[in-house]
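Asker: Here is my input, please return the structure:
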Amino acid sequence: MAASLSGRAPRLLTALGVSSMLAGCATLSPDAGMAPVTARVALELGQDTAKLVTPAEAAVAQARVRALLAKPLTAEAAAQIALLNNRGLQAAYNTLGVAEADYVAASLPPSPTLSIERVAASGDLDVERRLVADLLSLITLPRRTKIAETSFRAAQQRAIAATFRTASDARRAWTRAVAARETADALETARSSATVAAELSARL
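Answerer: So this is what the prediction gives:
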């Protein structure tokens, strides 16, 4: 039996070595892949955005929204409120977190299993230890990891685009509201002027 086990030792060590080399897998980031999103938004928009996960984070965001609404609303304030208080944007950030989890899962090597079997040979019982790994999964692991990473990076870009779109929509809505108010004020001024002119004409 000793000879049998010693003959299989190199194969066992080789398999363990392969698993060790594959151990350098991706790990979940603390912010669920949001770092590139927040950095890009801060750099190009000068705004803050965040994935709201806990009630405490949501409470902080709502407090900031209330503080912004307590002041005269500007285009930048409207954009910041939209980034902190938009459910569609939070859905995009959640999708990004799922994509990162899929990427990490795809990068993990299959877990080897050690099975002990009794094999009858020449009336003697021989104990054989095997390290069983899914060879197909091992072979396709690099490609599956790359595909998952590409999907994750694409999700990050979609999250960035959704953030930019939300801020842009908020600014446009603010501009339209200001323009509508100014138009209403101009029409009221014109109406008042016409009324005054009519009264003067009647007196003359």
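Asker: For this structure, which segments count as helices?
Answerer: Per DSSP state H, the chain carries helices over the ranges 2-21, 35-44, 55-69, 75-84, 87-107, 135-203.
Asker: I'd say residue 84 and residue 48 touch.
Answerer: Yes. Here residue 84 reaches residue 48: they are 7.4 Å apart, a contact under C-beta atoms under 8 Å. Heads up, the C-betas are built off the backbone N, CA and C, glycines and all.
Asker: These two: which has the busier surroundings?
Answerer: Using other C-beta atoms under 10 Å as the criterion, residue 84 and residue 48 rank with residue 84 on top: 22 against 13.
Asker: ok, for the more buried one, nearest residue in space, not its chain neighbours?
Answerer: residue 61 (4.5 Å; C-beta to C-beta, 6 or more residues apart in numbering).
Asker: Next, count neighbours for residue 68.
Answerer: Residue 68: 17 surrounding residues under other C-beta under 10 Å.
Asker: Just to check, it is in contact with residue 76?
Answerer: No. At 9.4 Å, residue 68 and residue 76 do not qualify as touching, with contact defined as C-beta under 8 Å.
Asker: worst-scoring helix or strand of the protein, pLDDT-wise?
Answerer: helix 2-21 (a mean of 44; mean pLDDT, DSSP states H and E).
Asker: contacting residues for residue 89?
Answerer: By C-beta atoms under 8 Å, 6 or more residues apart in numbering, the contact list for residue 89 reads 49, 82, 83, 162, 163, 166.
Asker: of those, closest to residue 42?
Answerer: Proximity of the contacts of residue 89 to residue 42 (C-beta to C-beta) peaks at residue 49, which lies at 8.4 Å.
Asker: and that closest one, how far is that from residue 148?
Answerer: 25 Å (C-beta to C-beta, to the nearest Å).
Asker: In terms of pLDDT, where does the nearest residue to residue 141 once chain neighbours are set aside sit?
Answerer: In space, residue 141 comes closest to residue 109 once its chain neighbours are excluded; the distance is 6.0 Å by C-beta to C-beta, 6+ apart. For residue 109, the model assigns a pLDDT of 82.
Asker: related to what we said a few turns ago, was I right about the residue nearest to residue 84 contacting residue 50?
Answerer: Yes. Using C-beta under 8 Å, residue 61 makes contact with residue 50 at a distance of 7.0 Å.
Asker: Pull up the overlap in contacts between the two.
Answerer: Taking C-beta under 8 Å, 6+ apart as the contact rule, residue 61 and residue 50 both touch residue 84.
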